[in-house]
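Engineer: What follows is a protein structure lacking sequence information:
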């Protein structure tokens, strides 16, 4: 009897030790070992050592064991958990960021403020949300203080307001959902008819909290003002000649960045769509096909192949890269350019770009990833 008890205690201790030393990660669209290692702050070799039987090509929804670098966090002093003089209880758990989610949408889901989310996750201020990122969902200690002092705080009930919104030409679900601070999934839930297609002229019904109405209306006023500016610039641009270079054309858009933001939103709306050689539709894109199709949606014609796209526009230094520039690579040890993406951000020398990857489909990657650091070739500006 004593012998059996010892065996049971041994396996219980081993199980607890294993759970403490490893984190389970579910493979999602766009994951690779480099991305996962960076996410958890470990080395790729540590992941492969912990998963010797894992296949070289990761399967969607399969589970990887990640070495737990934060296993001693629970021993930290209370003062180490204080952020900006505000204490949070992180026992309420974490949230994995899905595609196209916003901070406002997550804060509404967990009934907390956006400021509390940023205080509990300081990197959100500089890096923003990333797909698959695990963020801390704090539980403010104010509630427990109220219970101790026997103060009954009435629950604040905020009514929703229903707004209507007509879909304009070339608008995307991502752009409209961002305008109202909701996710694309929430926009489709409120308007089931647009799940497959969102036709121009369709009148959307969007419910938002009453407290957010003033912010939305102010933003809409600014947007309408910007649209008037864009309209004026477009009229001027129509009378100006296009610039010919290397037998191709550069699109002149002046100093206004609204068009570039729309182009980026149109490209990122395809995140998660699979890679398909020669593909130029939502059934699948190759890298140059994604650029050709995205710019074409805004009447900007690009050549079809990545090598031809690398010959247009103006070649610039990587540290001068801006949103909307094309970024090129020589992958698989090739001598010629064979891969292209579009810059969505350039912060402190790290360029993030949207592209269609053979191993992950349409996704956002970074030049800080070793593979792209090694294969980087050049940046071209095609919008001036």
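Structural biologist: Sure thing, it's come through. Model, not experiment: these values are computed from the prediction. Numbers count the residues shown, from 1 in each chain.

Engineer: For the chain, which element, helix or strand, carries the lowest mean pLDDT?
Structural biologist: strand 82-83 (a mean of 35; mean pLDDT, DSSP states H and E).

Engineer: list the contacts for residue 168?
Structural biologist: Residues in contact with residue 168 (C-beta atoms under 8 Å, 6 or more residues apart in numbering) are residue 200. All C-beta spots, glycine's among them, are computed from the backbone N, C-alpha and C.

Engineer: Make sure it is indeed in a helix.
Structural biologist: No. Assessed with DSSP: H, G, I helix; E, B strand; the rest coil, residue 168 is coil; it does not lie in a helix.

Engineer: residue boundaries of the helices in the stretch 251-384 of the chain?
Structural biologist: 258-268, 287-296, 306-309, 370-375 (DSSP state H, counting those that start in this stretch).

Engineer: Apologies, that question was intended for the stretch 1-150 of the chain.
Structural biologist: 2-21, 33-40, 44-50, 103-109, 114-120, 124-127, 142-148.

Engineer: Any idea which of these has the lowest pLDDT on average?
Structural biologist: Across the helices of the stretch 1-150 of the chain, helix 142-148 has the smallest mean pLDDT, namely a mean of 40.

Engineer: so how far does stretch 164-172 reach from one end to the other?
Structural biologist: Using C-alpha to C-alpha, to the nearest Å, the end-to-end distance of stretch 164-172 comes to 16 Å.

Engineer: Looking at it now, give me its mean pLDDT.
Structural biologist: 87.

Engineer: In the chain, where is pLDDT below threshold?
Structural biologist: 1-20, 56-57, 70-93, 139-159, 211, 213-214, 217-257, 334 (pLDDT under 70).

Engineer: domains of it?
Structural biologist: 19-75, 78-157, 160-238, 241-381 (automatic domain parsing).

Engineer: Kindly compare burial across the ones you listed and name the winner.
Structural biologist: domain 241-381 (a mean of 17; mean count of other C-beta atoms under 10 Å).

Engineer: Which stretch among the helices of the stretch 251-384 of the chain approaches residue 22 most closely?
Structural biologist: Ranking the helices of the stretch 251-384 of the chain by proximity to residue 22 (C-beta to C-beta) places helix 370-375 first, at 24.0 Å.

Engineer: so how far is the closest one off the chain centroid?
Structural biologist: 21 Å (C-alpha atoms, centre = their mean, to the nearest Å).

Engineer: same check, this time on stretch 172-192
Structural biologist: With C-alpha atoms, centre = their mean, you get 15 Å for stretch 172-192.

Engineer: Make residue 1 into 189 and carry on from there
Structural biologist: Let's use 189 as the start, then, which means that last one is stretch 360-380.

Engineer: Show me the contact partners of it.
Structural biologist: 286-290, 292-293, 351, 353, 355, 382-383, 386, 392-396, 400, 404, 407-408, 411, 450, 453-454, 456-457.

Engineer: Could you tell me which of these are located in strands?
Structural biologist: 351, 353, 392-396 (DSSP state E).

Engineer: With distance to residue 232 added, can I get those residues in a markdown table?
Structural biologist: Below are these laid out as a markdown table (distance: C-beta to C-beta, whole Å):
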| residue | distance to residue 232 |
| --- | --- |
| 351 | 47 |
| 353 | 45 |
| 392 | 44 |
| 393 | 47 |
| 394 | 43 |
| 395 | 44 |
| 396 | 43 |
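
Engineer: So residue 490 sits against residue 480, correct?
Structural biologist: Yes. The pair residue 490 / residue 480 is scored as a contact, 5.2 Å apart, by C-beta atoms under 8 Å.

Engineer: shared neighbours of those two, anything?
Structural biologist: Listed as contacting both residue 490 and residue 480 by C-beta under 8 Å, 6+ apart are residue 497.

Engineer: mind listing what the residue nearest to the spatial centre of the chain touches?
Structural biologist: Taking C-alpha atoms, centre = their mean, the centroid of the chain lies closest to residue 318, which sits 4.4 Å from it. For residue 318, the contact set (C-beta under 8 Å, 6+ apart) comprises 227, 285.

Engineer: Angles on the backbone of it, please.
Structural biologist: Phi and psi for residue 318, reported as degrees, to the nearest 10, are phi -130, psi 140.

Engineer: name the element residue 349 belongs to?
Structural biologist: strand 348-354 (DSSP states H and E).

Engineer: Tell me the strands beside that strand, with direction?
Structural biologist: When pairing is defined by DSSP bridges, strand 348-354 lines up against strand 391-397 (antiparallel).

Engineer: What separation do you get for the nearest residue to residue 317 once chain neighbours are set aside and residue 321?
Structural biologist: Nearest residue to residue 317 in three dimensions, chain neighbours excluded: residue 285, at 5.1 Å (C-beta to C-beta, 6 or more residues apart in numbering). For residue 285, the distance to residue 321 (C-beta to C-beta, to the nearest Å) stands at 5 Å.

Engineer: Same check on residue 378?
Structural biologist: 26 Å.

Engineer: ditto for residue 251
Structural biologist: For residue 251 relative to residue 321 (C-beta to C-beta), the value is 18 Å.

Engineer: again with residue 464
Structural biologist: From residue 464 to residue 321 the distance is 27 Å (C-beta to C-beta).

Engineer: before we move on, what about residue 569?
Structural biologist: 30 Å.

Engineer: try residue 373
Structural biologist: 17 Å.
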